[in-house]
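*Asks:* A structural model of the following input is requested.
(one chain, ligands or ions: 2)
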Amino acid sequence: MKIALIGYGKMGKEIEKIALSRGHEIVSIIDLDNQEDFNSEAFKSADVAIEFTAPTVAYSNYMKAFAAGVKVVSGSTGWMDEHGDEIKDLCDKGGKTLFWASNFSLGVGIFSAVNKYLAKIMNQFPAYDVTMSETHHIHKLDAPSGTAITLAEEILENLDRKERWVKEEANAANELPIHSIREGEVPGIHTIRYESEADSISITHDAKNRKGFALGAVLAAEFTCNKQGLLGMNDLFKF
Ligand SMILES: NC(=O)C1=CN([C@@H]2O[C@H](COP(=O)(O)OP(=O)(O)OC[C@H]3O[C@@H](n4cnc5c(N)ncnc54)[C@H](O)[C@@H]3O)[C@@H](O)[C@H]2O)C=CC1
Ligand SMILES: O=C(O)C1=N[C@H](C(=O)O)C[C@H](O)C1
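*Replies:* Ligands and ions are numbered 1, 2, ... in the order given. Model (predicted):
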């Protein structure tokens, strides 16, 4: 498969290694210094572009790739609030294709299935309150992490006593607080903690490196090249 990379930072470089090891060809690499390459024949020849950049630029990168007729797989976080509805419309009604996930690792996919199951159980046990924390490297631009928001939304769907997530401190019983910590070069840790007067139950996903995210993104690209529409991890893995 012909892959273009948009964003050649920590994730772009990790994805390049995995894509090459799986026999794919990298036909174009776009970063800040060669934006004109969105118009190149090499970029237009890609079956899929894999985009990992930053919250403020992800949406415009999708638009540039769509204009060049290229499907996109993206893990950039922090843009959904502003542009989520528009992107959904473009994919549902406008024939564009975006596979987006706040976290591409298989481990987080499994963790998310456990998270939903635990929240369903906890729905019957009001003695337990729930909080979440996420720890990432100091370079991360968005907080809470995209993964924490996805996990929080899963809890809200399954735990009737929580109505919204909030940053840091809860001010009401129906709020689920997400505490964000930025520390060293941590690739990503997410913990969900249920606590009663008697005990506590915690589940944690701790990424050891970025290989899991990168492999998931390449698997998503392989999946996306002959699909159309707005796709996500639930299309790739069935838990
Ligand atoms: N969904 C997932 O599994 C994961 C998502 N991420 C997300 O991916 C994004 C990137 O993460 P990293 O690679 O760690 O960041 P990074 O900062 O190491 O790399 C980002 C790269 O994008 C480039 N860039 C910035 N603006 C650009 C533009 N307009 N066009 C092309 N390139 C541009 C930067 O110059 C840099 O090389 C972040 O939003 C992060 O939260 C990170 C890891 C996993
Ligand atoms: O910025 C990162 O590094 C990561 N971002 C994603 C997120 O916001 O959840 C995924 C992973 O945790 C690493």
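*Asks:* Count the neighbours of residue 98 for me.
*Replies:* Residue 98 has 21 neighbours, counted by other Cβ atoms under 10 Å. Quick note: C-beta positions are derived from backbone N, CA and C, even for glycine.
*Asks:* mind listing the strands for the protein?
*Replies:* Using DSSP state E, the strands of the chain run over 2-6, 25-30, 48-51, 71-74, 97-100, 129-136, 164-167, 175-182, 189-195, 200-206, 229-231.
*Asks:* Pick the most deeply packed of those strands.
*Replies:* Across the strands of the chain, averaging neighbours per residue (mean count of other Cβ atoms under 10 Å) puts strand 48-51 on top, at a mean of 27.
*Asks:* helices or strands up against that strand?
*Replies:* Contact partners of strand 48-51 among helices and strands, from 3 or more Cβ pairs under 8 Å, 6 or more residues apart in numbering; DSSP states H and E: strand 2-6, helix 10-21, helix 58-67, strand 71-74, helix 211-224.
*Asks:* okay, the ones you listed in TSV with distance to ligand 2 and mean pLDDT next?
*Replies:* What follows is those, written out as TSV (distance: least, Cβ to the nearest ligand atom, whole Å; pLDDT from 0 to 100):
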stretch	distance to ligand 2	mean pLDDT
strand 2-6	16	98
helix 10-21	7	98
helix 58-67	12	97
strand 71-74	11	98
helix 211-224	6	98
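*Asks:* could these go into CSV alongside distance to residue 81?
*Replies:* Below are the helices and strands packed on strand 48-51 laid out as CSV (distance: least, Cβ to Cβ, whole Å):
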stretch, distance to residue 81
strand 2-6, 21
helix 10-21, 21
helix 58-67, 11
strand 71-74, 15
helix 211-224, 22
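*Asks:* so what are the domain limits for this structure?
*Replies:* What the record gives for the chain is the domain set 2-104+211-236, 106-206, from automatic domain parsing.
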